[in-house]
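A.B. asks: I'd like to go over a predicted model; first the sequence, then the structure.
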Amino acid sequence: MMRKILLAGVVALLAACEGENEGYRISGTVQNAPDGQKIIVSELNESNTQAIHIDTATVQDGKFELDLPEKDKPTISFLTVEGTRGNVVYIADNTPINFTVYPDSIYTSEISGGEDNKVLTAYLQNVRKVSKKMNENRSSMREAMLNRDSANLEDLQAFQQQVFDEDKQVKVELIESNPNSIVSVMILQDMLNSSAYSSSELLALYEQLGEKIKESSLAKMVKTSLDKLSKTDIGSIAPQFSAPTPEGNELALNEVLGKVTLVDFWASWCKPCRVENPNIVNVYNKYHDKGFNIIQVSLDRPGQKERWLQAIEDDNLGQWNHVSNLMFWQDPVAVEYGVRAIPAAFLLDEDGRIIGKDLRGDALGEKVAEVLDGNSAQD
């Protein structure tokens, strides 16, 4: 009897010890860090809107370590060095994680530990490589434009497309190779935010995700955005909306439909939008009498109505309809249309069906001419 009691006590003690060890440990080194410097740990909240503080470690002899609570699912987390801008992104997945932190170049810090962090490291390395190539190429393109070197500019534009295609291939391969990783959802969200991919190809990638990872709050948010994006695919009926005019009256999309209608999202603070406005004016002047209408939806900030009105006047846009809720990116019309970058434009036929998206420069005039004149190119 005594032996059974002792055995039960040992089992209970082992179970208690096991419970105490639940969680995961982070550790690492911080380059040139003074003793006492704080390393702040935070993680993305369930709504994916902000980082919430979890715990704090203290650097001693250039090193830190911290035991953290067990995660019931992989979580996007951050290390922040006190007094330093930026942070180190990592995935908390209950595996020990080691960091080599470079406060003067925080985004080049190194992470080891866990399958999710391997995928994240591969992705971030590609992001940095692509960013460097794109920035260098944009600089060369500006120089070629200043020198009016059209041949070199054409080569640089082709190189830019090549870099984009290579980047896309890496992203697709990472998602397809890691369907059960939260990092794949992060990649998909980045692709969604770039506005460079169609909803159909993004939905196809989403469907390759594992069923469990689809239950994450981030994946659900991505799916909601994709569903909204699919509403504005070419061939779909454009979502109806109404919004305040500069005079404070409500104006609905179906009130302004012509034979062809441009729904253009812009803002007074958006330089590319302002650059495109003269082209929109030219197309309107040429085709309005034949049935071309425009409604511009401004994403100007709250309290900045005067800037919106001044931009309308300065760019000679007062010939057509304008609406805005003055809610910046939270504008309900922009949200409904899945707009995440501006300028963004949707060309509608007389039935309100989307026949073109983000047509700028000559492409806008050519498409309007195709519909109203039956021409394949602008006269």
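C.D. replies: Thanks, I have it. All figures in this text were calculated on a predicted structure; none of them were measured in a lab.
A.B. asks: touching, A345 and C273? I think so.
C.D. replies: No - A345 lies out of contact with C273 (C-beta atoms under 8 Å); the separation is 9.7 Å. C-beta: built from backbone N, CA, C; applies to glycine.
A.B. asks: please name the nearest non-neighbouring residue to the residue sitting nearest the centre point of the chain.
C.D. replies: Central residue of the chain (C-alpha atoms, centre = their mean): N193, 2.5 Å from the mean position. Distances taken as C-beta to C-beta, 6 or more residues apart in numbering place R340 nearest to N193, at 5.4 Å, with adjacent residues excluded.
A.B. asks: likewise for T95?
C.D. replies: Nearest non-adjacent residue to T95, counting by C-beta to C-beta, 6+ apart: G114, 3.9 Å away.
A.B. asks: and D351, what is it in contact with?
C.D. replies: Listed by C-beta atoms under 8 Å, 6 or more residues apart in numbering, the contact set of D351 reads I237.
A.B. asks: F78 belongs to a strand?
C.D. replies: Yes - assessed by DSSP: H, G, I helix; E, B strand; the rest coil, F78 belongs to a strand.
A.B. asks: name the nearest residue to it, sequence neighbours excluded.
C.D. replies: Leaving aside its sequence neighbours, F78 sits nearest to N87 (C-beta to C-beta, 6+ apart; 4.3 Å).
A.B. asks: and the pLDDT for the closest residue in space to L372 that isn't next to it in sequence?
C.D. replies: Nearest residue to L372, sequence neighbours excluded (C-beta to C-beta, 6+ apart): K290, at 4.5 Å. On pLDDT, K290 comes in at 96.
A.B. asks: how close does K290 sit to E366?
C.D. replies: Using C-beta to C-beta, to the nearest Å, K290 is found at 15 Å from E366.
A.B. asks: residues touching the residue nearest to L372, list them.
C.D. replies: Contacts for K290 (C-beta under 8 Å, 6+ apart) come out as 259, 372-373.
A.B. asks: could you do L68 as well?
C.D. replies: Applying C-beta under 8 Å, 6+ apart, we find L68 in contact with 23-26, 41, 54-55, 92.
A.B. asks: go again with 6 Å.
C.D. replies: For L68, the contact set (C-beta atoms under 6 Å, 6 or more residues apart in numbering) comprises 23-24.
A.B. asks: how about the backbone phi and psi for it?
C.D. replies: Backbone geometry at L68, expressed as degrees, to the nearest 10, gives phi -120, psi 160.
A.B. asks: bridging residues for it?
C.D. replies: According to DSSP bridges, the residues that bridge with L68 are Y24.
A.B. asks: one step back: if you rank the contacts of K290 by neighbours, which is first?
C.D. replies: Across the contacts of K290, neighbour numbers were computed from other C-beta atoms under 10 Å; L372 holds the maximum, 17 neighbours.
A.B. asks: look up how far D351 lies from it.
C.D. replies: Separation of L372 from D351 (C-beta to C-beta): 15 Å.
A.B. asks: and what of H288?
C.D. replies: Look at H288 and D351: by C-beta to C-beta, they are 19 Å apart.
A.B. asks: can you check I234 too?
C.D. replies: To D351, I234 is 14 Å away according to C-beta to C-beta.
A.B. asks: one more: L229?
C.D. replies: Noted for L229: a distance of 21 Å to D351, by C-beta to C-beta.
A.B. asks: and for V172?
C.D. replies: V172 is 35 Å from D351, where distance means C-beta to C-beta.
A.B. asks: which helix runs longest in this structure?
C.D. replies: In the chain, assigned by DSSP state H, the helix with the most residues is helix 115-146.
A.B. asks: pull the distance from it to the chain's centre.
C.D. replies: Chain-centre distance of helix 115-146: 16 Å, with C-alpha atoms, centre = their mean, to the nearest Å.
A.B. asks: next structured bit after that helix?
C.D. replies: Heading C-terminal from helix 115-146, the first helix or strand you meet, by DSSP states H and E, is helix 150-177.
A.B. asks: who does that next one touch, helix- and strand-wise?
C.D. replies: Packing contacts for helix 150-177, counted by 3 or more C-beta pairs under 6 Å, 6 or more residues apart in numbering; DSSP states H and E, involve helix 115-146, helix 182-194.
A.B. asks: got the angle between it and helix 115-146?
C.D. replies: In terms of direction (axes from the mean of the first three to the mean of the last three C-alpha atoms, to 10 degrees), helix 150-177 departs from helix 115-146 by 170 degrees.
A.B. asks: returning to what we had before: the residue nearest to T95: neighbouring residues, count only.
C.D. replies: By the criterion of other C-beta under 10 Å, G114 has 20 neighbours.
A.B. asks: hmm, back to that, could you measure the residue nearest to F78 against I26, distance?
C.D. replies: Computed as C-beta to C-beta, the N87 to I26 distance reads 13 Å.
A.B. asks: the two: which is more packed in?
C.D. replies: Between N87 and I26, I26 has the larger neighbour count (other C-beta under 10 Å), namely 23 against 19.
A.B. asks: tell me which element that one falls in.
C.D. replies: Taking DSSP H and E as the definition, one finds I26 inside strand 24-30.
A.B. asks: what residues does that strand touch?
C.D. replies: The contact list for strand 24-30 (C-beta under 6 Å, 6+ apart) reads 59, 62-63, 65-68, 94, 96-101.
A.B. asks: for these, give me JSON lines that also has pLDDT.
C.D. replies: Shown next, in JSON lines, are the contacts of strand 24-30 (pLDDT from 0 to 100):
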{"residue": "V59", "pLDDT": "96"}
{"residue": "G62", "pLDDT": "95"}
{"residue": "K63", "pLDDT": "96"}
{"residue": "E65", "pLDDT": "96"}
{"residue": "L66", "pLDDT": "95"}
{"residue": "D67", "pLDDT": "95"}
{"residue": "L68", "pLDDT": "93"}
{"residue": "N94", "pLDDT": "91"}
{"residue": "P96", "pLDDT": "95"}
{"residue": "I97", "pLDDT": "96"}
{"residue": "N98", "pLDDT": "97"}
{"residue": "F99", "pLDDT": "97"}
{"residue": "T100", "pLDDT": "96"}
{"residue": "V101", "pLDDT": "96"}
